[in-house]
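Peer 1: Build me a model from this:
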Amino acid sequence: MNLLVCLKQTFDTEEKVHIENGKVSEDGAKFVINPYDEYALEEAIQLKEKFGGEVTAITIGTSQAESALRTALAMGADHAVLVNDERLIGDEFTTSKVLAAVMKDKEFDLILSGYMSVDNGGGQSGIRLAEELDIAHVNAITKLEVQGNQVVLERDVEGDVEIIEAELPILITAQQGLNEPRYPSLPGIMKAKRKPIQELKAEDLSIDLDQIQAKTKIIDQVLPPKRQEGRILQGEMNDQVNELVNLLQGEVNING
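Peer 2: Presented below is the predicted three-dimensional model:
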């Protein structure tokens, strides 16, 4: 199987976020593969181990994103592609256009990505990419089985599980619970250091920069307000209930 995996490098979820001048400060921050993309990568590697084939990890970013690709190679990916061109970094619209340009000449049976990124939570890139490539897609899956040219997918829906059958090629986005990503082995890490990473620019992809400009713009970013301390109500139960009702009514009036 030819498997393509879309990765994004994001802040480590254990990192404390700092905002400076309306932007997230990256000073001293640790970066990792977006956790949902890591599920996609693990699933691709498992499919390769079961059916054979190759896994290609693809990301858009600066040279800093090379570390995410090295991790992917250490886990078991065969090839890595870095679109290293700041002109091609944008919102989900831009991302899907660029990834489609990378993949249009590649043979693939399955494209996998995380269902969203933990830094902006847009959840659009994978679906938009499938539309650009004119292939089917299923979002936020928790189970995948390949049966010849067919796939059987499961995804959580409210209060139940949805089972979907589809044909290859297809794009799927991974949800938590699909698998448990492996840790890179020491031999894998050593081999990954020597593997080449293909770097691409806008000119390599024949992209018209005017056609991929972001459709959204971040005006400002702020941290959420600090949580107020809780309040313990005193007195008889009826008095506590009346006080709680008054407090809740007051909060509703304040918030409109």
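Peer 1: okay, how far is it across stretch 173-188, tip to tip?
Peer 2: With CA to CA, to the nearest Å as the measure, stretch 173-188 spans 25 Å from end to end.
Peer 1: Outside of that stretch itself, list whatever touches it.
Peer 2: Identification of contacts with stretch 173-188 by CB atoms under 8 Å, 6 or more residues apart in numbering yields 35-43, 45-46, 71, 73-76, 112-116, 123, 126-127, 137-144, 155-156, 192. Bear in mind the C-beta positions are built from the backbone N, C-alpha and C, glycine included.
Peer 1: Weed out the non-buried ones from these.
Peer 2: 35-43, 45-46, 71, 73-76, 112-116, 123, 126-127, 137-144, 155, 192 (16 or more other CB atoms under 10 Å).
Peer 1: show me where the chain has strands.
Peer 2: Assigned by DSSP state E, the strands in the chain fall at 2-7, 9-11, 19-20, 23-24, 31-33, 54-60, 79-83, 110-114, 136-147, 150-157, 160-167, 170-174, 198-200.
Peer 1: Provide the strand pairings for the last one, with the direction of each partner.
Peer 2: Each strand that strand 198-200 pairs with, and the sense of that pairing, follows from DSSP bridges: strand 79-83 (parallel).
Peer 1: Could you do the fourth one as well?
Peer 2: When sheet partners are counted by DSSP bridges, strand 23-24 sits next to strand 19-20 (antiparallel).
Peer 1: burial measure for the nearest residue to Lys8 once chain neighbours are set aside, as a count.
Peer 2: Spatially, and ignoring its direct neighbours in sequence, Lys8 is nearest to Asn34 (4.5 Å; CB to CB, 6 or more residues apart in numbering). A count of nearby residues for Asn34, using other CB atoms under 10 Å, gives 25.
Peer 1: Residue numbering should commence at 746 henceforth.
Peer 2: Happy to do that; since the first residue is 746 now, the last one works out to Asn779.
Peer 1: Retrieve the pLDDT associated with Asn779.
Peer 2: pLDDT for Asn779: 94.
Peer 1: So, low pLDDT: which residues of the stretch 746-895 of the chain?
Peer 2: Under the criterion pLDDT under 70, no range of the stretch 746-895 of the chain is flagged.
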